[in-house]
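1. Structure for the following, please:
(one chain, ligands or ions: 2)
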Amino acid sequence: MTDTTRPSPPSRPRLAVKLLDERLRDYLPRYATDGSAGMDLRALLDAPLTLAPGQCELVRTGLAIHIADPGLAGMILPRSGLGHKHGIVLGNLVGLIDSDYQGELMISTWNRGSAPFVLEPFERLAQYVLVPVVQAELELVDDFDASLRGSGQRGTGGFGSSGRH
Ligand SMILES: O=c1ccn([C@H]2C[C@H](O)[C@@H](COP(=O)(O)OP(=O)(O)OP(=O)(O)O)O2)c(=O)[nH]1
Ligand SMILES: [Mg+2]
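-> Ligands and ions are numbered 1, 2, ... in the order given. I've put the predicted structure just below:
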């Protein structure tokens, strides 16, 4: 019988990656499971780094990934365990990696918690997610066609204009 819940995986884009530090060779990012959305990025540190509450430091990954295809982008996102349990999130909230960026992936690491946190060398610190991107052309107009939302209109309403429930 065919398992309809497990579609065959689509072919994966191949991304060029450069090691900027040989120690990363043993720690190349990978998908932990077949269904993982992200690959974990590790902290390239020579020694443990203590982040005081409120402190934010740019942490090296030792990796450069050239996406090349403008229809793709990278996103650096926090790991949920570190973020929820230890308050270790990103100083920029989300890192957006351009397809033409060839530099080192850097992780803005912010301790938003109330206790010091010790980041260990090569600890998995954040995750890298490849996402599709559509680039748009902007066309200047004087007026928009009216927008419709169900039976009502959205128009310029936003920021909670539709209520809470
Ligand atoms: O968390 C991040 C965010 C960005 N970058 C790199 C890749 C990205 O392509 C580049 C520029 O990012 P962004 O455009 O968000 O920053 P900017 O402040 O606008 O810098 P720029 O003037 O270089 O575009 O910095 C990282 O390594 N880590
Ligand atoms: Mg920019």
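2. Let me see the contact set for the residue of the chain found nearest ligand 1.
-> Per C-beta to the nearest ligand atom, residue 95 is where the chain lies closest to ligand 1, at 2.2 Å. (C-beta placed from N, C-alpha, C; glycine too.) Residues in contact with residue 95 (C-beta atoms under 8 Å, 6 or more residues apart in numbering) are 74-77, 105-108, 126.
3. Redo these as TSV? Include secondary structure.
-> Converted to TSV, the contacts of residue 95 look like this (DSSP: H, G, I helix; E, B strand; the rest coil):
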residue	secondary structure
74	strand
75	strand
76	strand
77	strand
105	strand
106	strand
107	strand
108	strand
126	strand
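4. which among those residues are in contact with ligand 1?
-> Among the contacts of residue 95, the residues that sit close to ligand 1 (C-beta under 6 Å from any ligand atom) are 76, 105-106, 108.
5. count of residues packed around residue 39?
-> Counted with other C-beta atoms under 10 Å, residues neighbouring residue 39 total 16.
6. now it, which residues is it bridged with?
-> residue 31, residue 128 (DSSP bridges).
7. Contact partners for it?
-> By C-beta under 8 Å, 6+ apart, the residues touching residue 39 are 29-31, 127-128.
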